[in-house]
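[1] just need the structure, nothing else, for what follows:
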Amino acid sequence: MCQKFYEYTFNWLTNPIPELNYTILTTTEVDDKNLPKEPGAINGGLLQRGNKKNFLLAIRVENIDEALKKVASLGGKVRRGKMAVPKMGLPAYFQDTKGNVLGLW
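    Numbers count the residues shown, from 1 in each chain. Here you go, the predicted model:
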C-alpha cells in the first residue's frame with residue numbers, strides 16, 4: 001500500500017492492518033469511539049486493489065493547485081489538470097504511487 005503518499009500529500013493518519021491487507025485512514029479528528037467529531041466528516045480506508053469493478057474517489061482539498069504539486073513531488077502523476085465544471089467546482093485527477101486514479105475537488 002502507499003500509506004506514506006497519503007500521509008504526506010493530504011496529512012492523513014494511517015493505521016495499517018497487514019493481516020487484512022487494509023489501512024485505516026484518519027482524515028479528521030475523532031472522538032473516543034474513533035468516529036469523526038465534525039458532522040458530515042468521514043474517515044476511510046485503503047484496501048488492496050483487485051481486478052473487480054472500479055470506482056473513483058474524489059478528495060476535497062483547500063487548494064487544488066497545491067495538492068497537484070504535492071502529488072507530483074511525492075511520486076504521483078497528474079492524469080488531468082484542473083478543469084471547470086460550471087456551477088459545481090474544479091475537479092482534477094491524479095494517479096497515486098500504486099497506480100490508483102483518484103480525483104481532487
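[2] per-residue pLDDT of Lys53, please?
    Looking at Lys53, its pLDDT stands at 56.
[3] partner residues bridging the residue most central in space within the chain?
    Computing the C-alpha centroid of the chain and ranking residues by Cα atoms, centre = their mean puts Ile59 first, at 5.5 Å. Beta-bridge partners of Ile59, counted by DSSP bridges, are Leu104.
[4] give me phi/psi at Tyr6?
    Taking degrees, to the nearest 10, you get phi -70, psi -30 for the backbone angles of Tyr6.
[5] for it, what are its contacts?
    12, 14, 25, 46, 96 (Cβ atoms under 8 Å, 6 or more residues apart in numbering). C-beta coordinates here come from the backbone N, C-alpha and C atoms, glycine included.
[6] right, and the residue nearest to the centre of the chain touches Asn11 too?
    No - counting by Cβ atoms under 8 Å, Ile59 stays clear of Asn11, with 11.6 Å between them.
[7] pLDDT below threshold where in the protein?
    Across the chain, residues meeting the criterion (pLDDT under 70) sit at 1, 47-55.
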